[in-house]
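A.B. asks: okay, here's the prediction I keep looking at, along with the sequence it came from:
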Amino acid sequence: MKISKLTLAIATVLGASASAGAVAMDLYVDTKTKQIYAEPGPRRQLMGAFEKVEEDAHSAKGRANNTHKALADDKGDIKRLSEDVYAEKADIKSIREDLELKANELKALEEHVVANREEKAQNDEKWFNKISMRGYTQLRYNQGLTGDRIAGDPELRSVGDGSIKDNSNFSFRRVRLVFSGDISDYLYLYIQPDFATQVSDTSQNFAQLRDAYADLYFDKKHEYRIRAGQSKVPFGWENLQSSQNRLTLDRADALNSAVPSERDLGLIAYWTPEHVQKTWKTLTKKGLKTSGDYGILGLGVYNGSSLNRAETNDDMYVVAHSTYPIDLGFLGSRMSGQVLEVGADAITGYFNPTTTANAATTCSEKDKKVTCKTAATTNFDSFGHSGSSKDRKLNAQSINDSMPKQGIREDRVAVHAILFQQPFGLQAEWNWGNAGTLNPNANKGKGAMESRALRGGYVQAMYKIDNIFRADGVLTPYIKWQTYRGAWKAAVNAPYVSVDEIEVGAEYQIMKALELTLAYTTMDRTNTNAGSSYLGQASGDLARAQLQWNY
């Protein structure tokens with residue numbers, strides 16, 4: 001707009017200067033070329049007479065002054081515009097410098113990110129960066145209320161908890177650390193030591209290797225794998241369930257007697273379809289206690305000598321495992337999401353029990369219960385066999401001689417059914433078979449190891465109550481009945497045992513990291529503890545408690 005004023009002023013000055021001495025003249029336009037002429041001619045048409053308008057000196061002076069003023073204003077505007085343009089150029093320069101600085105910073109940041117990504121990728125390839133650590137600790141307390149508590153009566157003991165005895169208060173039942181991780185898409189590593197192993201009545205809290213295995217996968221979905229190393233033998237459902245997740249304080253003797261400590265050294269192949277993996281993961285996310293992923297089918301071979309024991313023969317045990325979770329939604333909308341898991345397992349192999357040293361063993365009978373005691377420090381019970389009321393001498397050499405070189409054959413079959421607590425749940429297992437055990441009446445009263453039938457199992461009911469004081473607070477009351485008649489092969493001379501037990505209790509998951517279990521237990525069981533001075537059948541009632549923290 002200001003530049004237009006300048007142009008108008010200049011035109012006005014030129015017009016004023018040209019107006020002096022103006023005279024009238026005729027102007028003609030060429031009708032074809034449209035050019036203007038001052039004289040007539042061919043095709044020239046008169047436009048009219050034009051006269052220059054004269055202006056007085058005063059008006060011309062005023063107009064000139066206005067023009068000069070407009071010029072001055074325009075000069076000022078031009079100056080200010082120049083200053084604005086200069087300032088804008090300075091701002092643009094500053095912005096450009098800032099942009100260049102930011103661009104350099106972004107470039108440096110990108111280079112840093114790329115370097116970190118490359119470094120992380122290199123570190124991820126290192127096996128120790130793929131290993132995670134977790135664990136849990138269980139602090140136990142057992143208080144005998146009634147029954148046989150003093151050694152020599154005999155004393156009430158349990159194979160599931162060595163701290164059940166006279167003169168016992170607090171104890172560590174388990175102190176576990178788990179190191180695990182996917183080394184690659186096809187290799188998984190798992191190592192678990194326990195720092196609460198009891199090696200005798202007076203020696204506790206020793207470190208012991210529990211698990212050390214690798215899963216070798218054949219596909220990225222992890223449906224097919226071979227587990228190599230020391231791991232749980234897939235016989236029984238509760239045996240496979242981690243003690244960290246198990247509701248009751250101890251496993252049932254009937255199934256656990258097949259694989260004491262649940263583990264052995266060998267190779268086991270598992271198959272778990274992807275949809276079953278998802279089902280078990282969904283149950284775990286709901287806070288339900290599964291047994292873990294041991295495949296819907298499993299087949300393997302293992303030493304059969306039990307946990308952390310050297311092999312004693314050339315024979316290997318064979319185990320076959322099957323289980324399947326069934327969604328009961330087909331029974332109606334009320335059963336949608338409820339899962340029933342059923343299955344069956346079998347093992348077969350030859351086992352060499354640990355026998356007594358070459359020492360005389362005295363057995364006596366009372367109320368049709370035979371109790372044996374060696375002259376040496378190792379003792380055992382032989383409950384369940386008839387005999388004369390007089391004392392008898394069992395010959396340890398005779399017992400050893402009665403053992404076949406490859407051991408005594410053991411065959412077992414087990415079934416299980418688990419209805420996950422949503423909120424009510426049921427859990428039941430049973431097994432039958434034959435296994436080697438001591439018969440003190442054999443070989444003319446000298447004793448011998450023989451195969452004998454076994455049977456037993458348990459039934460457990462529970463109810464899950466959520467949101468106890470906290471969103472992750474869960475209370476689960478339960479009741480469990482178990483019974484077993486058969487060999488306990490982990491004890492010296494694999495004694496024949498009788499077990500009847502009822503446990504009533506409740507687990508309170510205060511938070512995911514902390515659990516408290518309180519229970520009342522009534523027991524009638526055979527004492528198989530080799531450290532006791534006298535072994536036999538004992539019974540009693542106990543108040544039990546366990547505090548578990550997870551990390």
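C.D. replies: Sure, I can see it.
A.B. asks: tally of neighbours for T33?
C.D. replies: 9 (other CB atoms under 10 Å). C-betas here are computed from N, CA, C, even on glycine.
A.B. asks: tell me which element D73 falls in.
C.D. replies: Assigned by DSSP states H and E, D73 belongs to helix 57-124.
A.B. asks: how far off centre is that helix?
C.D. replies: Chain-centre distance of helix 57-124: 59 Å, with CA atoms, centre = their mean, to the nearest Å.
A.B. asks: name the surrounding residues that touch the following helix or strand past it.
C.D. replies: The C-terminal neighbour of helix 57-124 among helices and strands, as given by DSSP H and E, is strand 132-147. Residues outside strand 132-147 that contact it (CB atoms under 8 Å, 6 or more residues apart in numbering): 156, 161, 163-164, 166, 168-181, 196, 243-244, 249, 523, 538-551.
A.B. asks: one more time with 7 Å, if that's ok
C.D. replies: With contacts defined as CB atoms under 7 Å, 6 or more residues apart in numbering, strand 132-147 is touched by 156, 161, 163-164, 168-181, 244, 538-551.
A.B. asks: just the buried ones from the residues you listed?
C.D. replies: 156, 161, 163-164, 168, 171-180, 244, 538, 540, 542, 544-546, 548, 550 (16 or more other CB atoms under 10 Å).
A.B. asks: if we can go back for a sec, could you name the helices and strands sitting against the helix holding D73?
C.D. replies: Under the contact criterion of 3 or more CB pairs under 7 Å, 6 or more residues apart in numbering; DSSP states H and E, helix 57-124 touches helix 2-18.
A.B. asks: please export the C-alpha coordinates of whichever helix or strand comes after the helix it packs on as CSV.
C.D. replies: Later in the chain than helix 2-18, the nearest helix or strand by DSSP H and E is strand 25-30. Extracted C-alpha coordinates of strand 25-30, given in CSV (Å, rounded to 0.1, in the frame of the first residue of the first chain):
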residue,chain,number,x,y,z
MET,A,25,-5.7,19.6,-29.7
ASP,A,26,-7.6,17.0,-31.7
LEU,A,27,-6.6,13.4,-31.3
TYR,A,28,-7.4,10.6,-33.8
VAL,A,29,-7.4,6.9,-33.4
ASP,A,30,-6.6,4.4,-36.2
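A.B. asks: I'd like the next helix or strand past strand 25-30.
C.D. replies: Immediately after strand 25-30, counting by DSSP H and E, sits strand 36-37.
A.B. asks: contact partners for A346?
C.D. replies: A320, R412, V413.
A.B. asks: where's the first one, which helix or strand?
C.D. replies: Put plainly, it is A320. Per DSSP H and E: strand 317-327 holds A320.
A.B. asks: contacting residues around that strand?
C.D. replies: With CB under 7 Å, 6+ apart, strand 317-327 has contacts from 233-235, 237, 276, 279-280, 294-302, 304, 339-349.
A.B. asks: repeat that for 6 Å
C.D. replies: Here strand 317-327 makes contact (CB atoms under 6 Å, 6 or more residues apart in numbering) with 233-235, 279, 296-302, 304, 339-341, 343-349.
A.B. asks: repeat that for stretch 157-171.
C.D. replies: Contacts of stretch 157-171 (CB under 6 Å, 6+ apart): R140, Y141, N142, R149, I150, E155, Q198, D250, N527, T528, N529.
A.B. asks: shaky segments in this protein?
C.D. replies: For the chain, applying pLDDT under 70 flags the ranges 1-23, 52-64, 67-68, 70-71, 74, 123-124, 150-153, 356-402, 444-446, 530-535.
A.B. asks: what's around S158, how many residues?
C.D. replies: Residues near S158, counting by other CB under 10 Å, number 23.
A.B. asks: relative to I164, how far out is K489?
C.D. replies: Distance of K489 to I164, computed by CB to CB, to the nearest Å: 20 Å.
A.B. asks: go on, K89?
C.D. replies: Distance from K89 to I164, by CB to CB: 92 Å.
A.B. asks: then M511?
C.D. replies: The gap separating M511 from I164 is 28 Å, by CB to CB.
A.B. asks: before we move on, what about G76?
C.D. replies: In terms of CB to CB, G76 sits 106 Å off from I164.
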